[in-house]
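> structure for the following, please:
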Amino acid sequence: MGYMWFKKHQIEGKTEGFTDEIPSDFFTKPLTEKEVELYNKSNCDNKKKEELIIPQYLKLPTEYIELLAYSNGGNIINGEQEFSFFDIHTIREFYIVHGFVNFAPNMLPIAFNTSGIFYMYNFLEDKENPPIYGVHASSIGFDDSTGFLGNSLEEVMKGTRDIYDVIDDYLIKTGRIKIKEQTPEEKKLIELYTKQKQLKEDKNSDKIGLKEFLLKKRKIEKEIKELEIKIKK
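Modelled structure (predicted):
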């Protein structure tokens with residue numbers, strides 16, 4: 001076993017490790033009739049077995065096999081980031097139940113957080129060393145909702161931000177989410193709202209007197225009203 005990055009983190013719900021050899025076709029073997037039924041029931045679909053084809057290169061990278069050998073499932077929290085990783089059998093089950101097998105067959109889910117966002121290996125980008133991406137359970141298969149998280153679990157788990165924000169940043173940076181640029185008037189309006197809030201705080205903390213407060217308050221309110229009318233036109 002190589003360098004174990006996960007020993008830097010506390011694993012909640014740690015279990016006995018899975019050390020059995022994982023069959024080479026564990027993820028790639030055809031779905032059983034029961035699994036097809038499970039997929040159809042979970043996704044309100046009516047697919048036949050031959051329509052649900054699993055890419056033959058799906059496999060767990062060494063880093064995840066080592067993690068499972070240490071704990072076959074568990075939860076790692078680093079700041080606002082939550083990584084609830086799956087045991088060996090749940091990975092295949094969720095791949096089928098949540099529709100990856102049909103909507104995103106090149107993505108292998110390995111964990112999620114309490115907001116319903118999956119961590120997954122992206123084999124479409126690299127079949128030998130798949131990077132890790134994230135997507136919400138309701139958006140599986142949509143490229144414009146799928147975001148890069150890191151090239152390895154160690155890299156991903158160095159982050160402390162909620163992966164919802166990490167994915168959003170990636171989608172904005174790559175142009176998949178378009179952010180409307182604010183006009184000068186809109187920027188000025190935000191500044192005035194901030195000044196208005198600060199003015200109230202200064203009055204409540206006795207930093208300014210009542211007369212000064214009222215004068216500044218009326219001036220700001222007048223500017224806000226004029227800008228709101230201008231923006232609406």
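> any stretches of this protein with poor pLDDT?
Scanning the chain for pLDDT under 70 picks out 1-3, 176-180, 233.
> from Ser42, how far off is Glu35?
Distance of Glu35 to Ser42, given as C-beta to C-beta, to the nearest Å: 10 Å. Quick note: C-beta positions are derived from backbone N, CA and C, even for glycine.
> what do the two both touch?
With contacts defined as C-beta atoms under 8 Å, 6 or more residues apart in numbering, the residues shared by Glu35 and Ser42 are Ile96.
> more neighbours: which of those two?
Glu35 (19 against 13; other C-beta atoms under 10 Å).
> residue contacts, that one?
Under the criterion of C-beta under 8 Å, 6+ apart, the neighbours of Glu35 are Ile96.
> any idea how far it is from Ser152?
Here the distance between Glu35 and Ser152 works out to 30 Å (C-beta to C-beta).
> next: Phe94.
When C-beta to C-beta is the yardstick, Phe94 and Ser152 sit 21 Å from each other.
> now do the longest helix along the chain: everything it contacts.
When the chain is parsed with DSSP state H, its longest helix is helix 210-232. Residues outside helix 210-232 that contact it (C-beta under 8 Å, 6+ apart) are 183, 185-186, 188-189, 192-193, 195-196, 199, 202-203, 208.
> of those, which is the nearest to Pro30?
Distance to Pro30 across these (C-beta to C-beta) is lowest for Glu186, with 55.7 Å.
> not counting stretch 127-141 itself, show me its contacts.
Contacts of stretch 127-141 with the rest of the structure, by C-beta under 8 Å, 6+ apart, involve 57, 61, 98-100, 102-104, 107-108, 112, 115-123, 125, 142, 145-153, 156, 163, 166-167.
> may I see the buried residues of that stretch?
Of all the residues in stretch 127-141, those buried under the rule 16 or more other C-beta atoms under 10 Å are 130-136, 139-140.
> likewise for stretch 34-53?
Of the residues in stretch 34-53, those buried (16+ other C-beta under 10 Å) are 35-36, 39, 43, 52.
> what do you get for stretch 28-35?
Using 16+ other C-beta under 10 Å as the test for burial, stretch 28-35 gives 31, 35.
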